[in-house]
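Enquirer: got a structure for you, letters missing:
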């Protein structure tokens, strides 16, 4: 397996500093809203179950950007409530991407997705 390369993340952060600032503000604002509205004594299961419903709404109406936004906000909430930092998730995503690059992928199925071959 190729070692994890942090360079793409560093370049992304430098290139898109304004968007990173906006994402940081979104995370902060949503976390504040969520805590004030739903309380602080929660776990990530509720938002994740709600996320399942919202994903179906995206499937039903993929051109609606607000449905994607619902998914993003619920995902942000679940990450925070589970105690992960967003840095943890970004690093994990790059590691997972590298792992996926080294897997064998069959052609897309009739539903439009592919699952890697099991080793």
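Expert: Sure, I can see it. It should be emphasised that the depicted structure is a prediction, and the values quoted were computed from it without experimental measurement.

Enquirer: ok, the nearest residue to residue 43 once chain neighbours are set aside to residue 94 distance?
Expert: Nearest non-adjacent residue to residue 43, counting by Cβ to Cβ, 6 or more residues apart in numbering: residue 81, 5.9 Å away. Heads up, the C-betas are built off the backbone N, CA and C, glycines and all. Taking Cβ to Cβ, to the nearest Å as the measure, residue 81 falls 23 Å from residue 94.

Enquirer: Quick check, pLDDT for residue 2.
Expert: On pLDDT, residue 2 comes in at 52.

Enquirer: Residue 7 too?
Expert: As predicted, residue 7 sits at a pLDDT of 75.

Enquirer: again, but for the one 4 residues further on
Expert: Confidence at residue 11, expressed as pLDDT, is 75.

Enquirer: what's the residue closest to the geometric middle of the chain?
Expert: Central residue of the chain (Cα atoms, centre = their mean): residue 75, 6.1 Å from the mean position.

Enquirer: how about the worst-scoring helix or strand of the chain on mean pLDDT: buried residues?
Expert: Among the helices and strands of the chain, helix 7-15 carries the lowest confidence by mean pLDDT, DSSP states H and E, at a mean of 73. Residues of helix 7-15 classed as buried by neighbour count (16 or more other Cβ atoms under 10 Å): none.

Enquirer: And for stretch 64-83?
Expert: Neighbour-count burial for stretch 64-83 flags 67-68, 70-81 (criterion: 16+ other Cβ under 10 Å).

Enquirer: Past the helix ranked longest in the chain, which element shows up next along the chain?
Expert: Taking DSSP state H as the assignment, the helix of the chain that covers the most residues is helix 17-38. Tracing the chain past helix 17-38, the next element assigned as helix or strand by DSSP states H and E is helix 45-60.

Enquirer: so how far is that following helix from its chain's centroid?
Expert: What separates the centre of helix 45-60 from the centre of its chain is 13 Å, taken as Cα atoms, centre = their mean, to the nearest Å.

Enquirer: And for stretch 72-88?
Expert: Distance of stretch 72-88 from its chain centroid, counting by Cα atoms, centre = their mean, is 8 Å.

Enquirer: Good, we can wrap up now.
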